[in-house]
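Asker: Quick check, what structure comes out for this input:
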Amino acid sequence: MKLRSAAVLLIVAATGVWAQTAALAGRQRTVLATSTDADSKTAEMRAKAAVNQRVQEMETTLTKMHLLLKQMQASPAVKNAKDPMTKANLEMWGLMLQQMDKQFDQVKVAAREREDIEARRSAMYKQAQEKAAQSARNAQAQARANAEAGQSAGATAAPQSGSQPAAAQAPQAAPTPASSSPN
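Answerer: Just a heads-up that it's a prediction; the model follows:
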């Protein structure tokens, strides 16, 4: 009877832990969504550590539950019991543990996929920042080149400006593209 009570308490504790981890995961998403860019790296590291810790706790709990079920099945009281209720109870616990194992495997896969997505997202942001920095450098170089060209053109154009008519000095307007509409 003590073994059965211990098994029930362990199962209740495990389901309580899993319910709490689901509630914590919901709160954690809110924290990550409101973090600033300066805190994002730290928040990501904390989130990964928390998820890994919860997965390890679940794995430990499942291992303990499996050991307890094996002990219950191996106990002489259960082996010699002719009560169909005891056998059905053990079978139920075995089926429940199988279902929890499947769910645990799904949690591990989801955690790995999340880490993969976070790594990809981080790489994409890094690539976008590198492109933006390169674009800014190119724009600065183009602006310097235009400024230097404008200064050198301004120095050579100043003596000629008095001899050219006003129409020659005005820039020509670019031709407008033809309309692509059928009308």
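
Asker: rest of the way, CA atoms for contacts and neighbours
Answerer: OK.

Asker: what helices or strands is the helix or strand where Lys41 lies leaning on?
Answerer: In the assignment (DSSP states H and E), Lys41 maps to helix 37-74. Judged by 3 or more CA pairs under 8 Å, 6 or more residues apart in numbering; DSSP states H and E, helix 37-74 is in contact with helix 2-34, helix 84-157.

Asker: which stretch in those is the model least sure about?
Answerer: Ranked by mean pLDDT, these bottom out at helix 2-34, with a mean of 61.

Asker: ok so, going back, export the helices and strands packed on helix 37-74 as a markdown table, with columns for mean neighbour count and distance to Glu57.
Answerer: Converted to a markdown table, the helices and strands packed on helix 37-74 look like this (neighbours: other CA atoms under 10 Å; distance: least, CA to CA, whole Å):
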| stretch | mean neighbour count | distance to Glu57 |
| --- | --- | --- |
| helix 2-34 | 13 | 9 |
| helix 84-157 | 13 | 11 |
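
Asker: In a markdown table: these, plus distance to Leu62.
Answerer: As requested, those are arranged in a markdown table below (distance: least, CA to CA, whole Å):
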| stretch | distance to Leu62 |
| --- | --- |
| helix 2-34 | 8 |
| helix 84-157 | 7 |
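
Asker: I'd like to know which of those lies nearest to Arg54.
Answerer: Closest of those to Arg54 is helix 2-34, at 7.1 Å (criterion: CA to CA).

Asker: Contacts for the helix or strand just after the helix holding Lys41, please.
Answerer: Sequence order places helix 76-79 as the next helix or strand after helix 37-74, per DSSP H and E. If you take CA atoms under 8 Å, 6 or more residues apart in numbering as the criterion, helix 76-79 is touched by Met72, Gln73, Thr86, Lys87.
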